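Undergrad: Got a predicted structure plus its sequence, pasted below:
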Amino acid sequence: MEHARHVVRVLFVLLVAIVAIVLGRTVLVPKSYGMYGAYRYDNVAEQARARPPQHGGAAACAACHEDRVKALAAGVHGKVSCEVCHAPLARHVAEGAVHAEMHVDRSFTLCSRCHRKVEGRPGAFPQVVLEQHVREQGADSRLEGKVCLECHDPHSPRL
């Protein structure tokens, strides 16, 4: 009988620990934790407010560059956002005012990201074996600098 009191005490301590853990978890873990995964869902909106979006899309560019956006829409790159080739809008415009020049990547590597010959791409997608294309055009055989822009306007790239 004397040993039974020790067992009851241990069970009582375990019960108190379990109740403390459950109550502590209820108080300390936010309500939105685990709603859509192993993170606090409310944090998504908080982070969006703390870090405003960097990208604005072609519509944001059209406010100041309507002629360029129209030329782009009429060309084969019509579905490509301006920010794919240029930097994100937030690096150029902030709070409605221009605060820095827009970065423009003029290297062949920009064009080659989409147009380099890759076996997995659809056949209808314009693909170029760049080294061969440059040689066929009689240009310098080195692929560096503005080699694509010597012949192609990126906003309307057909010759």
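TA: Nice, thanks for sending it over.

Undergrad: residue contacts, the residue lying closest to residue 72 once chain neighbours are set aside?
TA: Nearest residue to residue 72 in three dimensions, chain neighbours excluded: residue 155, at 4.9 Å (CB to CB, 6 or more residues apart in numbering). All C-beta atoms are positioned from the backbone trio N, CA, C, and that covers glycine. With contacts defined as CB atoms under 8 Å, 6 or more residues apart in numbering, residue 155 is in contact with 68, 71, 72, 75, 77.

Undergrad: Surely the fourth one is in contact with residue 156?
TA: Just to be clear, that refers to residue 75. Yes. With contact defined as CB atoms under 8 Å, residue 75 counts as touching residue 156 (3.7 Å).

Undergrad: and the gap between residue 93 and residue 62?
TA: Counting by CB to CB, to the nearest Å, the gap from residue 93 to residue 62 is 12 Å.

Undergrad: Residue 10 now?
TA: From residue 10 over to residue 62 the distance is 73 Å, taken as CB to CB.

Undergrad: out of the two, which sits in the busier spot?
TA: More crowded of residue 10 and residue 62, by other CB atoms under 10 Å: residue 62, with 17 against 10.

Undergrad: Identify the residues contacting that one.
TA: Per CB under 8 Å, 6+ apart, neighbours of residue 62: residue 69.

Undergrad: That one and residue 148: what is the separation?
TA: Applying CB to CB to residue 62 and residue 148 gives a distance of 25 Å.

Undergrad: Helices along the protein, start to end?
TA: With DSSP state H, the ranges of helices along the chain come out as 2-28, 42-50, 58-62, 66-74, 82-85, 108-115, 130-136.

Undergrad: In CSV, list these along with mean pLDDT.
TA: CSV is the format used below for the helices of the chain (pLDDT from 0 to 100):
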stretch, mean pLDDT
helix 2-28, 91
helix 42-50, 87
helix 58-62, 80
helix 66-74, 80
helix 82-85, 82
helix 108-115, 81
helix 130-136, 79
